[in-house]
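**Student:** Only the shape, not the letters, is given here:
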Ligand SMILES: O=C(O)[C@@H](CO)OP(=O)(O)O
Ligand SMILES: [Mg+2]
């Protein structure tokens with residue numbers, strides 16, 4: 001029934017107005033699935049390769065589509081994904097592009113779910129999923145590679161840790177986003193938004209900390225449950241290999257100073273989450289920081305691990321970080337993303353399922369988070385391509401009760 005009978009690929013727009021790859025998968029019994037690849041701006045050095053969409057589509061049509069049509073079953077995700085790997089023939093999807101691969105992989109999963117008549121999260125995670133929902137990390141202030149002339153730290157992320165359900169959590173993040181706008185207005189700071197819908201004011205990081213801290217306590221008073229915050233430092237973007245230091249607009253910190261700076265921020269603001277506080281090549285510094293504050297906060301590897309089980313194994317061995325960011329397009333297929341989540345879970349690392357700064361309406365990651373019992377999902381706070389995932393979480397929760 002789930003035998004794949006057609007795979008169509010096309011270029012569509014992403015949220016930055018750039019082209020990206022969309023895939024449709026059709027099965028023998030009329031099952032249908034559609035997936036679209038997201039795209040990063042602050043990409044990790046070790047990510048799978050995103051090819052220009054028209055090249056990725058041409059290469060996938062030549063190498064992957066003929067091996068899938070009439071051959072593979074959409075209900076068998078591992079089979080589909082291993083065919084994608086074999087058709088590509090490289091370690092990093094540089095032939096068909098990780099963008100074609102991930103779009104087909106997600107479309108096949110949805111077609112499989114469609115034939116089975118099950119929600120995607122259940123097809124991926126099994127009958128016992130749907131009880132637990134991830135805490136959404138909502139980006140309310142940002143800069144770095146996502147906005148010019150804004151904060152050095154890439155993302156200030158609200159974490160509604162005490163929310164009784166996912167709907168309240170999602171609305172708490174939207175309220176924090178609005179509270180930040182009020183606070184900026186009170187301070188006469190004009191500003192627009194960055195790529196992920198976060199406010200991108202031209203202020204330094206210390207003022208951003210003050211504002212987000214205040215916004216979070218205002219929302220906490222309003223909603224009556226605990227709301228904390230965290231960061232994506234995107235340390236690799238700040239690190240300058242020549243100077244061996246993290247270059248901020250107003251100062252420069254060597255690795256030891258960076259570790260102390262982050263540890264102090266964790267204490268001062270009671271941060272629950274810190275992503276990529278250090279350079280993507282520095283497992284040792286990650287291990288040192290994790291040793292210092294890992295019992296109080298999540299230290300998450302994004303560019304460090306790039307959803308790759310080999311890199312995660314190295315990190316586990318060295319005690320670097322205590323959680324992993326999961327971005328299916330960083331590695332190319334849902335199977336690879338699942339394997340990374342499983343390896344993380346087996347070793348006591350939490351998984352945080354994540355969007356990219358360039359996104360589409362595709363909501364697969366909401367299902368992926370529920371399917372894997374992930375404690376957190378990072379997918380913005382506002383903006384259509386972000387609310388596509390947040391609203392899908394609300395719908396999944398609504399259907400489950
Ligand atoms: O660094 C990140 O975590 C992501 C998503 O927030 O950004 P990008 O997609 O640009 O890599
Ligand atoms: Mg990141």
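**Tutor:** All right, it came through fine. Keep in mind that what you see is a predicted model, and the values were worked out from it rather than measured. Numbering: from 1, shown residues only. Ligands and ions are numbered 1, 2, ... in the order given.
**Student:** Let's verify the residue of the stretch 1-150 of the chain found nearest ligand 2: helix, strand, or coil?
**Tutor:** Using C-beta to the ion, the single residue of the stretch 1-150 of the chain nearest to ligand 2 is residue 42, 6.3 Å away. Placement of C-beta: from N, CA and C, glycine included. Residue 42 carries the three-state label coil when classified by DSSP: H, G, I helix; E, B strand; the rest coil.
**Student:** pLDDT score for it?
**Tutor:** We note a pLDDT of 90 for residue 42 in this prediction.
**Student:** now residue 401
**Tutor:** pLDDT, residue 401: 60.
**Student:** Run through the neighbouring helices and strands of the host helix or strand of residue 264.
**Tutor:** Per DSSP states H and E, residue 264 falls inside helix 255-269. In this structure, helix 255-269 makes packing contacts with helix 205-223, strand 245-247, strand 273-275, helix 283-293, judged by 3 or more C-beta pairs under 8 Å, 6 or more residues apart in numbering; DSSP states H and E.
**Student:** So, low pLDDT: which residues of the chain?
**Tutor:** Applying pLDDT under 70 to the chain flags residues 401.
**Student:** Just list the residues touching the residue nearest the centre of it, thanks.
**Tutor:** Against the mean C-alpha coordinate of the chain, by C-alpha atoms, centre = their mean, the closest residue is residue 354 at 1.5 Å. For residue 354, the contact set (C-beta atoms under 8 Å, 6 or more residues apart in numbering) comprises 302, 325, 326, 327, 365, 377, 378, 379.
**Student:** how close does it sit to residue 293?
**Tutor:** According to C-beta to C-beta, to the nearest Å, residue 354 stands 21 Å off from residue 293.
**Student:** Which parts of the stretch 101-250 of the chain are strands?
**Tutor:** For the stretch 101-250 of the chain, applying DSSP state E, counting those that start in this stretch gives strands covering 135-142, 155-159, 191-193, 199-201, 228-232, 239-240, 245-247.
**Student:** Direction included, what does the second one pair against?
**Tutor:** So that's strand 155-159. Strand 155-159 sits in its sheet next to strand 135-142 (antiparallel), strand 228-232 (antiparallel), going by DSSP bridges.
**Student:** Nearest spatial neighbour of residue 46, chain-adjacent residues omitted?
**Tutor:** residue 306 (4.7 Å; C-beta to C-beta, 6 or more residues apart in numbering).
**Student:** same check, this time on residue 16
**Tutor:** What sits nearest to residue 16 in space, not counting adjacent residues and going by C-beta to C-beta, 6+ apart, is residue 358, at 4.7 Å.
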